[in-house]
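Asker: task: produce atomic coordinates for the following.
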Amino acid sequence: MPALPWTKSPASIRARLVLLVLAVWVPAAIGLALQTRDAYRNQEQAAREGLRQLALALNFAVESELDRRQVLAQALATSPLLKVRDIAGFDRQARLAVQGTGLHAMLVDRTHQHLFTGRPERDAAPRGPDAFFVESGSGVVFVEQGPVTRRPSIGLFVPEAGTTSPRYNVGVTFPPSELQALLKRQRYPEGGVAAVIDARQRVMARSRDPERWIGVRATHSQLVEMAHRGGSGFISTSTLDGVSSLTFLAPPNRHGWAAVVAMPQSTLMRAAGRLAAQAVAVSAVLLAIGLLVALWVARRISRPVLQLERAGEQLLAGRVPEPLRTGLSEIDRVGAVLHDAGVRSRESARLLESRVQQAVTEAREAEARLFEAR
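Answerer: Numbers count the residues shown, from 1 in each chain. Have a look, this model is predicted:
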């Protein structure tokens, strides 16, 4: 058998079969590695799309909740009682409108608060010089302590209807816990967190530790800058509680608020690790199976080859090797040829021996006749 180019001695059949297995397995392992890489990329893309869809859904839900408050405020702002400045009648109407809803209505101007349905009686209270007031459209304001509950409160205000120079704003207030209910109904990736930020990038609701972070302004500069200019997209951030994450910021809704959903980078890494471990395990199993099959086949082949080698040795020793029955047609055919060669060699040897004996006999007879003639 000719030697392999990189070896000094001829290679055995077993070694060649192992090399054959490796030649088949190595491309398969490379293909599996490429498939693992593609699977990781697909999983990362799916995770990104899931974050995006979740943030957009939260954004729409928050916008719908604010729209509901806006509709109620606008309905009260069109009240005829407000037009005729019947504040007492408007107070009764507002209390009836919010009864059983968990909401509160307010009527304010630039300097005073004229009613708040969270209090049993109507009373006017002064407002600060920088008090919130809208001339048109609507506006949302957050206060860390409500006038009655002394807890964080969110108010949506609209100007009174029917005038370009409104004197009053009608507001509908509610606690951030109502937004928390929206976040609790969502399913998040492992370790994921979602938040709702207002137009000033303050946290209005958060799926994890809301009591700690309500009213706190986002700290990641890139996120703050993107939200400030009304942008949207993926960024790598560190959450308020210090977790390195892949984050998606939804575009601001009609009220300037936006939803933020973050997934820890470690979640993606664990997913990649699982894929890599699966790929290594599959490769190892395939290699082990291939090597076992190669050893089994090599053993099945090497035994007939050894039998063929012994038959050759018998032929060299002048014996007739028995016909081989190895199960390999090629080996059996060579064994038959060796057997025939042995038979012919034996017959040739017998014939030669007979002729030699005959020649010796004839020589002796000739010698005897010669002797007699002399």
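
Asker: residue 161 in helix, strand or coil?
Answerer: Secondary structure for residue 161, judged by DSSP: H, G, I helix; E, B strand; the rest coil, is coil.

Asker: do the same with the one 5 residues further on
Answerer: The local conformation at residue 166, judged by three-state DSSP, is coil.

Asker: what about the strands in the stretch 51-200 of the chain?
Answerer: Counting by DSSP state E, counting those that start in this stretch, the stretch 51-200 of the chain has strands at residues 104-108, 112-116, 125-126, 139-143, 153-159, 169-174, 193-197.

Asker: need the phi and psi values for residue 164.
Answerer: For residue 164, the backbone dihedrals (degrees, to the nearest 10) come out as phi -90, psi -10.

Asker: next SSE downstream of the helix or strand of the chain with the lowest mean pLDDT?
Answerer: Across the helices and strands of the chain, mean confidence by mean pLDDT, DSSP states H and E is lowest for helix 265-316: a mean of 71. Counting by DSSP states H and E, the next helix or strand C-terminal to helix 265-316 is helix 329-373.

Asker: elements contacting that next one?
Answerer: helix 265-316 (3 or more C-beta pairs under 8 Å, 6 or more residues apart in numbering; DSSP states H and E). C-beta here means a position set from N, CA and C on the backbone, and glycine is covered the same way.

Asker: still on that earlier bit, out of the strands of the stretch 51-200 of the chain, which gets the lowest mean score?
Answerer: Lowest mean pLDDT within the strands of the stretch 51-200 of the chain: strand 125-126, a mean of 86.

Asker: gap between that strand and the chain center?
Answerer: 56 Å (C-alpha atoms, centre = their mean, to the nearest Å).

Asker: tell me which strands it pairs with, and in which orientation.
Answerer: strand 112-116 (antiparallel) (DSSP bridges).

Asker: and for the strand it pairs with, what are the contacting residues?
Answerer: Strand 112-116 has contacts (C-beta atoms under 8 Å, 6 or more residues apart in numbering) with 87, 90-91, 94, 104-108, 122-127, 147-148, 168.

Asker: average pLDDT for stretch 359-374?
Answerer: 80.

Asker: tally of neighbours for residue 146?
Answerer: Neighbours of residue 146 under the rule other C-beta atoms under 10 Å: 18.

Asker: phi, psi of residue 222?
Answerer: phi -70, psi -40.

Asker: what's across from the closest residue to it other than its chain neighbours in the sheet?
Answerer: Nearest residue to residue 222 in three dimensions, chain neighbours excluded: residue 235, at 5.3 Å (C-beta to C-beta, 6 or more residues apart in numbering). Residue 235 forms beta bridges with residue 247, as assigned by DSSP bridges.
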